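Novice: sequence plus the predicted model coming up.
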Amino acid sequence: MNTFTLKVIACNRVFYEGPCEILIYPAFDGQMAIMANHESITSCIDVGEIHFRTPDGVNHVAIVSDGLIKVDNNKADVFVYSAEKPEEIDKFRAEAALERAKDQLRQKQSIMEYNVSSASLARAMARLRGIEKFDIH
């Protein structure tokens with residue numbers, strides 16, 4: 001199968017860099033897929049799971065925050081605030097972050113603070129869904 005170069009970059013590290021057969025990511029209007037020789041695009045990534053398959057047939061999953069994807073010349077660059085494997089997620093920290101975000105949303109906030117709290121809530125929920133979906137304890 002044809003491959004392309006995938007690079008997933010989070011704020012704190014390069015999550016993955018190497019060959020890829022297919023990348024599936026959450027967009028604001030549903031899931032999108034990138035395969036080899038895809039046309040050039042720049043798009044937004046929503047909070048959720050990205051799935052990608054490497055040439056050795058291994059399927060990888062990452063829980064990501066929102067960000068951007070740029071595809072050009074058979075190369076895809078994914079820029080997100082955070083990217084974690086489901087087994088890297090600390091369930092207790094994710095639950096605490098969820099409760100903090102809920103508490104912040106209950107308080108009177110500026111629009112900017114509200115948007116930050118909403119993003120924190122979405123990220124915490126995605127992390128907890130990733131733990132439950134892949135049965136990580």
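Specialist: Right, received. Where do you want to start?

Novice: beta partners of the residue most central in space within the chain?
Specialist: Centroid-nearest residue in the chain: residue 64, 2.0 Å away (criterion: C-alpha atoms, centre = their mean). For residue 64, the beta-bridge partners are residue 48, residue 83 (DSSP bridges).

Novice: who are the contact partners of it?
Specialist: Each residue near residue 64 by C-beta atoms under 8 Å, 6 or more residues apart in numbering is listed here: 8, 10, 25, 45, 47-50, 78, 80, 82-84, 126. For the C-beta atoms, the positions are set from N, CA and C on the backbone; glycine is no exception.

Novice: mind redoing it with 7 Å?
Specialist: 45, 48, 50, 80, 82-83 (C-beta atoms under 7 Å, 6 or more residues apart in numbering).

Novice: residue 117: which element?
Specialist: helix 111-133 (DSSP states H and E).

Novice: turn the contacts of residue 64 into JSON lines, including neighbour count, pLDDT and distance to residue 73.
Specialist: As requested, the contacts of residue 64 are exported to JSON lines (neighbours: other C-beta atoms under 10 Å; pLDDT from 0 to 100; distance: C-beta to C-beta, whole Å):
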{"residue": "45", "neighbour count": "20", "pLDDT": "95", "distance to residue 73": "20"}
{"residue": "48", "neighbour count": "20", "pLDDT": "91", "distance to residue 73": "27"}
{"residue": "50", "neighbour count": "24", "pLDDT": "95", "distance to residue 73": "21"}
{"residue": "80", "neighbour count": "22", "pLDDT": "95", "distance to residue 73": "21"}
{"residue": "82", "neighbour count": "19", "pLDDT": "90", "distance to residue 73": "27"}
{"residue": "83", "neighbour count": "23", "pLDDT": "92", "distance to residue 73": "23"}
